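S.K.: return atomic coordinates for the entry below.
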Amino acid sequence: MKLNPLLALVLFACSVTAQKNVHQMAEGLINHQDLFNATDNDSIACYRIPALITASNGDVLAAIDERIPSCNDLRGSDDINIVLRRSTDNGQTWSPIETVIDFPLGESASDPSFIVDETTDEIFLFYNFMNLDTEKDVYYLHVVKSDDNGKTWSEPEDITDQIAKPEWHDDFKFITSGRGIQTRGGKLLHCMVNLKRGLHVFGSDDHGESWYFIDTPITPADESKIVELEDGRWMINARVNDKKGIRYVHISSDEGKTWTTEPEPQLSDPGCNASIIRYTSTEDGYDKNRLLFANANSEDDRTNLTVRVSYDEGKTWSEGKTIYGGSAAYSSLTVLDNGDIAVFFEKDDYTENVFASFSLAWLTDGADQYQKP
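M.R.: Alright, predicted model coming up:
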């Protein structure tokens, strides 16, 4: 059948418009900026693996891998550094790039993640380490800390023997990038993946002076995030590489000794690192309990970076708002000091790493608004 020329023109115009919209940032964002772009520096292959946190003083820290010879992961690159930018005005302006971790050539650091201790105001920055010259494919687990809101950092501490068993020495194990949490009782909690033996929660009861892991493997789970529910239970939202196109949720009511596991068909996922955080709690005087979730909202492809909100502790989720409809992968959420929401994510096949901020009113199309208690 021959298509009417006018109709063909209209269909073509609609297709072009749709493609253009997919590759535009959403309208109504307060701010969006590309913070790390390797095309600005010929000596860097790419930036990958974003981590975002709000310090106790309100400063926003955005950390990422600086991958120099290639965009390969830790096992395939002998020169990866952890670099950082800071904002003191809720993400409107940013400092120049600062190097936090830079080992000699042959040794690499990758997959940054943060925890803020609200009791001591210290920030912990975790990463995975490998010496490709002497122990290729052997992962070590490190942490540095800052007591001045991320302006300066301690010397690296190897905590591998505290949060992994000796017999795991040669296993493919790593701390999940992004962020961990502090519970209402003061525990610091984070997730460590052993692809052979399951996900494990690790933590500290003494504000990072020492670390331990809970010897209960959690499956199925790859890179995962943990949150504390209002009733004190722990919930892990997990990436799973089973090609089913969804997330999995694990819940513990006994501080990680045992877990119940359920698929989460509400949350489409292509097998990609995501982010889940608490936004507000009635325990802190807010009007509602709210959780936030960000991921590449697609069953098959790393596209369509979407943020959702839950008002019932993760039982149900909003349809969400698309931040960017094109290529988008790892993401990290934080709540800004003024109550706005921010997400830091990999965009356009890792060429850009974008910080975007928006209000709760925008996220919910005006149905909900942030109110400070």
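S.K.: and the pLDDT at Leu6?
M.R.: pLDDT for Leu6: 53.
S.K.: ugh, typo on my part, it should be Asn41
M.R.: pLDDT, Asn41: 89.
S.K.: count of residues packed around it?
M.R.: Asn41 has 13 neighbours, counted by other C-beta atoms under 10 Å. Using the backbone N, CA and C atoms, a C-beta is placed for each residue, glycine as well.
S.K.: can you check Leu105 too?
M.R.: Residue neighbour count, defined by other C-beta under 10 Å, stands at 11 for Leu105.
S.K.: host element of it?
M.R.: Here Leu105, judged by DSSP states H and E, is contained in no helix and no strand.
S.K.: was I right about it contacting Asp79?
M.R.: Yes - if you go by C-beta atoms under 8 Å, Leu105 and Asp79 touch, sitting 5.6 Å apart.
S.K.: surely Glu228 is in contact with Gly180?
M.R.: No - look at Glu228 against Gly180 with C-beta under 8 Å: they stay out of range, at 11.0 Å.
S.K.: which neighbours do the two have in common?
M.R.: Leu189 (C-beta atoms under 8 Å, 6 or more residues apart in numbering).
S.K.: more crowded one of these two?
M.R.: Gly180 (25 against 19).
S.K.: that one contacts His190, doesn't it?
M.R.: Yes - contact criterion C-beta under 8 Å: Gly180 and His190 qualify, at 3.2 Å.
S.K.: who touches both of the two?
M.R.: By C-beta under 8 Å, 6+ apart, the residues touching both Gly180 and His190 are Ser113, Ile115, Phe126, Gly203, Ile226.
S.K.: what bridges to the second one?
M.R.: For Ile115, the residues forming beta bridges with it (DSSP bridges) are Phe124.
S.K.: burial count for it?
M.R.: Ile115 sits with 23 neighbouring residues when counted by other C-beta under 10 Å.
S.K.: one more: Asp284?
M.R.: With other C-beta under 10 Å as criterion, Asp284 counts 10.
S.K.: could I get the contacting residues of it?
M.R.: Neighbour list for Asp284: Pro373 [criterion: C-beta under 8 Å, 6+ apart].
S.K.: just the buried positions in the helix or strand that Val201 is a member of, please.
M.R.: Using DSSP H and E, Val201 falls within strand 198-204. Residues of strand 198-204 classed as buried: Leu199, His200, Val201, Phe202, Gly203, Ser204 (neighbour count, 16 or more other C-beta atoms under 10 Å).
S.K.: skipping adjacent residues, who's closest to the first one in space?
M.R.: This points to Leu199. Ala221 (3.8 Å; C-beta to C-beta, 6 or more residues apart in numbering).
S.K.: could you say which helix or strand contains the one you found?
M.R.: Per DSSP H and E, there is no helix or strand for Ala221.
S.K.: so how far is Val354 from it?
M.R.: Going from Ala221 to Val354 by C-beta to C-beta, to the nearest Å gives 27 Å.
S.K.: those two: which is more packed in?
M.R.: Ala221 (26 against 23).
S.K.: send over stretch 160-168 as PDB, restricted to the C-alpha atoms.
M.R.: Extracted in PDB, the C-alpha atoms of stretch 160-168 (Å, rounded to 0.1, in the frame of the first residue of the first chain):
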ATOM      1  CA  THR A 160      39.100  -6.800  53.800                       C
ATOM      2  CA  ASP A 161      39.900  -9.100  56.700                       C
ATOM      3  CA  GLN A 162      37.100  -7.500  58.800                       C
ATOM      4  CA  ILE A 163      34.200  -7.900  56.300                       C
ATOM      5  CA  ALA A 164      35.300 -11.000  54.200                       C
ATOM      6  CA  LYS A 165      36.400 -14.500  55.100                       C
ATOM      7  CA  PRO A 166      40.000 -15.600  54.400                       C
ATOM      8  CA  GLU A 167      38.700 -18.300  52.100                       C
ATOM      9  CA  TRP A 168      37.100 -15.600  49.900                       C
END
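S.K.: how many residues are close by Asp312?
M.R.: 12.
S.K.: so what does it have for phi and psi?
M.R.: Main-chain dihedrals, Asp312, degrees, to the nearest 10: phi -130, psi 40.
S.K.: where does the stretch 1-150 of the chain dip in pLDDT?
M.R.: 1-22 (pLDDT under 70).
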